[in-house]
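[1] sequence unavailable; structure follows:
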């Protein structure tokens, strides 16, 4: 919780959580501490982008990572890369013998 938490631009009407404070708490205590350093760099650089709203959110990324690990995914394909957050996340989540 020591990390300075910027407001994640993805909190919008479409978010399942209807309380922004709860969403920020979940990010600060559960999502951001598990995020690798390269992903943090991309997330922070993306936050200032005018179209940051279309980027993969850290909580969605964590869900993608969990699914890839649960199914032992070894092959991924990324279509429509914006900044590369989910692409890097997938590459870091698959085993060493996987293909991205």
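    Alright, I've got the coordinates. Worth saying up front: this structure is predicted, and the values here are computed from it rather than measured. Numbers count the residues shown, from 1 in each chain.

[2] chain center to stretch 87-100: distance?
    With Cα atoms, centre = their mean, to the nearest Å as the basis, stretch 87-100 stands 14 Å off its chain's centre.

[3] I meant stretch 43-55, not that one.
    12 Å.

[4] ditto for stretch 23-37
    For stretch 23-37 - counting by Cα atoms, centre = their mean - the centre lies 10 Å from the chain centre.

[5] do the same with stretch 34-45
    Put simply, stretch 34-45 sits 8 Å off its chain's centre (Cα atoms, centre = their mean).

[6] state the distance from residue 25 to residue 52.
    Using Cβ to Cβ, to the nearest Å, we find residue 25 at a distance of 20 Å from residue 52. For glycine as for every other residue, the C-beta is placed from the backbone atoms N, C-alpha and C.

[7] comparing these two, which shows the higher neighbour count?
    residue 52 (17 against 14; other Cβ atoms under 10 Å).

[8] which one's the longest helix in the protein?
    In the chain, with assignment by DSSP state H, the single longest helix is helix 58-70.

[9] who are the packing partners of the next helix or strand after that helix?
    Following helix 58-70 in sequence order, the next helix or strand is helix 85-93 (DSSP states H and E). Packing contacts for helix 85-93, counted by 3 or more Cβ pairs under 8 Å, 6 or more residues apart in numbering; DSSP states H and E, involve helix 37-47, helix 58-70.

[10] buried sites along helix 85-93?
    Of the residues in helix 85-93, 85, 86, 87, 88, 89, 90, 93 count as buried by neighbour count, 16 or more other Cβ atoms under 10 Å.
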